[in-house]
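>>> Generate coordinates for the sequence data below:
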Amino acid sequence: MSTTLLRRGSCVGFPELDRLLGSMLAEPGLPASRAAPRVEGGTLALDISEDEQSVIVRASLPGFTKDQVQIEVHEGILTIKAEKEELAEQCTERYYRKERRVGSLSRRVALPSVVEEGKASAELKNGELTLTLPKHAKAQPRKIDIN
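Presented below is the predicted three-dimensional model:
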């Protein structure tokens with residue numbers, strides 16, 4: 001069953017609503033067609049920024065080790081998955097609450113620029129994951145000299 005939004009007697013599917021919202025939320029002066037693609041999935045909160053050379057992604061992963069985190073970049077889509085195993089139960093204790101069994105976070109998001117996937121670097125320090133993804137040479141602005 002398809003979900004639609006009714007507007008002034010007509011049916012508008014969600015893709016049209018997404019396009020409308022995308023144009024309203026685009027940065028000033030940036031056409032909606034150039035806004036960052038909307039591939040989203042997961043619950044891991046991310047900060048994504050860029051400078052002239054790289055796209056930088058930061059994520060909070062407290063309590064996870066680097067062995068528990070998987071990162072993949074493919075065709076401009078970044079996927080981060082973090083998963084903890086169940087902790088061993090202490091048989092000598094009686095639990096009133098046990099909430100730390102399994103932890104799992106993930107996120108899938110489109111990157112704002114074309115990046116060199118093979119040159120990416122990642123660091124997990126004090127519960128913060130920092131990814132540095134160098135921009136592809138074609139994605140970087142080039143200066144043109146006037147003759």
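>>> before we move on, which element is I146 in?
No secondary structure element spans I146, as it lies outside all helices and strands (assigned by DSSP states H and E).
>>> beta partners of G42?
Per DSSP bridges, the residues bridged to G42 are R107.
>>> how deep is it tucked in, by neighbour count?
Counted by other CB atoms under 10 Å, the residues lying close to G42 total 15. All C-beta atoms are positioned from the backbone trio N, CA, C, and that covers glycine.
>>> what does S49 give?
Using other CB under 10 Å, the number of residues around S49 comes to 10.
>>> if I read this right, it contacts S113, doesn't it?
No - with the criterion set as CB atoms under 8 Å, S49 and S113 do not qualify as a contacting pair; they are 11.0 Å apart.
>>> what residues do these two have in common as contacts?
Common contacts of S49 and S113 (CB atoms under 8 Å, 6 or more residues apart in numbering): V55.
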